[in-house]
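Peer 1: Build the 3D model from these lines:
(chains A and B)
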Amino acid sequence: MFLMITEIFLIATLFIVLFSDLLLSKNKRSLLGILTALGFLLALVAQIFFWNESGSLFEGMYVQDEFSKLAKVLFLIIGFFLSLMIRTYATKLVGGQGEFYLLLIAAIIGMSFGVSSTNLLLIFIGLEIITFSSYIMTSYLKHARASIEAGIKYLIFGAISTAFGLLGMSLIYGGSASLDILTIKNALLSSGSDQTLLIVGFLFIFISLTFKMAIVPFQVWAPDVYEGSPTPVTAFFSIASKTAAITIFLRIFYEIFLPIQNQISIIFAVIIAATLVYANFAAIPQKNIKRLFGFSSMSHAGFILMGFLASDAIGVGFVLFYLFSLIATNLAAFFVLSLLANHSENDRVIEYEGLKEKSPMLATCLFVSLLSLTGIPPTSGFVAKLLVLYSAVNEGFLWLAVIGIFMAILSAYYYLSIVGKMFLEKPKDTSPINIPLSTQISLYLTVGFVVILGVVPGPFIHLCQQAATSLF
Amino acid sequence: MIPLSHYLTVAFVLFAIGLIGIFTRKNAILVLLSIELLFNAVNLSFVVFSQAHGNLEGQIVTLFSMAIAAGEVAIGLAICILLFRTQKTIDVTDFTDLKQ
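Peer 2: Here you go, the predicted model:
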């Protein structure tokens, strides 16, 4: 019972929000955001309160271990902040805001189930709950051409990704006669079974998840979808669906396919190098800030995948730490972006000129988070990048680490040019920007967390590594 | 008795036709049809493996994946309607607002 505490709380929140959306009068709908955030917060408190409850349910198809608990904490934090972010954006959501919160909660439920399941079918269903919600959220602005266009593009590529994932599952099922993770692992280790089927199946599942993480060569959808979606949904893509895809991939990869890591790590390395080079060069000429963040999140996915070259709990801990850092950093940046999106129509980088004079606080927060995205010392991004680069060097991929360092330096160009625009240029109109209280608090929390992670990373790295040991 | 490989070949050919369809068709509805084809190809391979192994897990997956494919296409059609309302066309090559 207490093993599924997160899911139970979230499903309860889902129904409460659904019915209050029907019952509340139109001008009180802004309460829904508070309600959703409260639901996430309660689930988070409950999850931490019952931290010692571990075990498995449903004949071992659902497992609650240290790793899934940490992942769920991450998802709940993301859900909490995203619901606050949607609340400040709500005036733009013409289709009503109630359903939008429902979709967000449903997506987070899907993530929680997906990361806890040890059966490929359940993992698949968890992933599908996430994608279905994001299809609808992407095309939510039903009068905006860009939003609908992003919706159909994401739907087509998402469906291809799903089909590849299912194809991989069917090959794995063909090779091992089971969908259970442990049985598949035993089949992979025993000499009697058909190993080729298993490995090809794994590669198809890998393709399917790289679609979700936007890794080269399956990145084509990302910039368009990031640009066209409503800003909180762009945040959802670059934070939530990336975290979900990576944690689920961590489970599949380290619980089943660790024995064949040596044979495929060279494929990983080449893909990572291609992603880093493509994403960073393509980001330079971008004029639209959301599109820029699309490429930026692509490049970060490349760095995270670098952690997959390691074959022990320490390396996996580094991946989780990178996720921590990326979540805090991107949340801070997107709070600023979505607040400014309320005041502008087209999210051009030029509109950030002279942000310092309009609102020093927003400019400073965006500055810190851009520093962290670049990877400059007192911030968490630096520590995170250092750790995954260490992973790569440790496994003998020095050339990859060198490419990584050069690309991090290159990324400073396009991140810091935004900083230059914010602090050095004069704004066109100097009307001050009104920051709602919830956004202020969220900005303090996220930016504070970015700096804390950068200054005292030790305890968090330890926590991540402890969680990672349960995968082995 | 038809051997396993024949069924699998059919499944993979179907999958390939679906993929080609997605990238060559211009009408959004036909793209959705091609997506259906992908899912059906996978379902076929699940059923074949299920029969070969003599357990039912694969057939259970097929039931789930049919439901999911239906949901996918339902959302797809809803988006097609929105597309037609905003752009007066559902030709996928016409959607070029998001490009640099």
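Peer 1: Can you give me the buried ones in the longest helix that chain B contains?
Peer 2: Of all the segments of type helix in chain B, defined by DSSP state H, the longest one is helix B:57-87. By 16 or more other Cβ atoms under 10 Å in any protein chain shown, the buried positions in helix B:57-87 come out as B:57-58, B:61-62, B:64-65, B:68-69, B:72-73, B:75-76, B:78-80, B:82-83, B:86. Where C-beta positions appear, they are placed from N, C-alpha and C, glycine not excepted.
Peer 1: These: which ones sit near chain A?
Peer 2: B:57-58, B:61, B:64-65, B:68, B:72, B:75-76, B:79-80, B:82-83, B:86 (Cβ under 8 Å from any Cβ of the partner chain).
Peer 1: Let me see the contact set for residue 17.
Peer 2: Just going to use chain A. Applying Cβ atoms under 8 Å, 6 or more residues apart in numbering or on different chains, we find A:V17 in contact with A:L32, A:L35, A:T36, A:G39, A:G98, A:Y101, A:L102, A:I105.
Peer 1: was after chain B, sorry
Peer 2: Applying Cβ under 8 Å, 6+ apart, the residues contacting B:I17 are B:S34, B:L37.
Peer 1: What residue in the stretch 351-472 of chain A comes nearest to chain B?
Peer 2: Closest approach between the stretch 351-472 of chain A and chain B, counting by Cβ to the nearest Cβ: A:Y414, at 14.1 Å.
Peer 1: Number of residues surrounding that residue?
Peer 2: By other Cβ atoms under 10 Å in any protein chain shown, 20 other residues sit near A:Y414.
Peer 1: My read is that it contacts A:F281, right?
Peer 2: No. Contact criterion Cβ atoms under 8 Å: A:Y414 and A:F281 do not qualify, at 10.0 Å.
Peer 1: Can you tell me which of the contacts of A:V17 end up in helices?
Peer 2: Using DSSP H, the contacts of A:V17 in helices are A:L32, A:L35, A:T36, A:G39, A:G98, A:Y101, A:L102, A:I105.
Peer 1: phi, psi of A:D180?
Peer 2: Per-residue torsions, A:D180: phi -80, psi 140 (degrees, to the nearest 10).
Peer 1: Tell me both backbone torsions, phi and psi, for the spatially closest residue to it that is not a sequence neighbour.
Peer 2: In space, and not counting its chain neighbours, A:D180 is closest to A:N119: 5.6 Å by Cβ to Cβ, 6 or more residues apart in numbering or on different chains. Dihedral pair for A:N119: phi -130, psi 130, per degrees, to the nearest 10.
Peer 1: mind checking which helix or strand residue 21 is in?
Peer 2: All of this is about chain A. helix A:5-23 (DSSP states H and E).
Peer 1: meant chain B actually
Peer 2: Per DSSP H and E: helix B:4-24 holds B:G21.
Peer 1: low pLDDT regions in chain B?
Peer 2: B:100 (pLDDT under 70).
Peer 1: for chain B, what are the nearby residues on the stretch 51-200 of chain A?
Peer 2: Contact residues, the stretch 51-200 of chain A versus chain B (Cβ under 8 Å from any Cβ): A:121, A:124-125, A:128, A:132, A:135-136, A:139, A:142-146, A:148-153, A:155-156, A:159-160, A:162-163, A:166-167, A:169-171, A:173-174, A:177-179.
Peer 1: go with 6 Å
Peer 2: A:121, A:128, A:135, A:139, A:142, A:145-146, A:148-149, A:151-152, A:155-156, A:159, A:163, A:166-167, A:170, A:173-174, A:177, A:179 (Cβ under 6 Å from any Cβ of the partner chain).
Peer 1: just the strands in the stretch 51-200 of chain A please.
Peer 2: Assigned by DSSP state E, counting those that start in this stretch, the strands in the stretch 51-200 of chain A fall at A:55-57, A:62-64.
Peer 1: Out of these, which gets the lowest mean score?
Peer 2: Mean pLDDT per stretch puts strand A:55-57 lowest among these, at a mean of 84.
Peer 1: ok, that one: who's next to it in the sheet?
Peer 2: strand A:62-64 (antiparallel) (DSSP bridges).
Peer 1: And the strand it pairs with, how far out from the chain middle?
Peer 2: Put simply, strand A:62-64 sits 21 Å off its chain's centre (Cα atoms, centre = their mean, to the nearest Å).
Peer 1: what are the ranges of the strands in the stretch 351-472 of chain A?
Peer 2: Going by DSSP E, counting those that start in this stretch, the stretch 351-472 of chain A shows no strands.
Peer 1: State the distance from A:L453 to A:F75.
Peer 2: 18 Å (Cβ to Cβ, to the nearest Å).
Peer 1: More neighbours: the two, which one.
Peer 2: A:F75 (29 against 24).
Peer 1: Tell me where the model's unsure across chain A.
Peer 2: A:1, A:192-193, A:345-346.
Peer 1: Return the residues in contact with the closest residue to A:I136 other than its chain neighbours.
Peer 2: Once flanking residues are discounted, A:I136 sits nearest to A:L103: 5.6 Å by Cβ to Cβ, 6+ apart. Going by Cβ atoms under 6 Å, 6 or more residues apart in numbering or on different chains, A:L103 touches A:S133, A:I136, A:M137.
Peer 1: tally of neighbours for the residue lying closest to A:S229 once chain neighbours are set aside?
Peer 2: Closest residue to A:S229 apart from its sequence neighbours, by Cβ to Cβ, 6+ apart: A:T138 at 4.8 Å. Around A:T138 there are 28 other residues, counting by other Cβ under 10 Å.
Peer 1: mind listing what A:T138 touches?
Peer 2: Counting by Cβ under 6 Å, 6+ apart, A:T138 has contacts A:A150, A:G151, A:Y154, A:S229, A:V233.
Peer 1: now, which of these sits nearest chain B?
Peer 2: Nearest member of the contacts of A:T138 to chain B, counting by Cβ to the nearest Cβ, is A:G151, at 4.8 Å.
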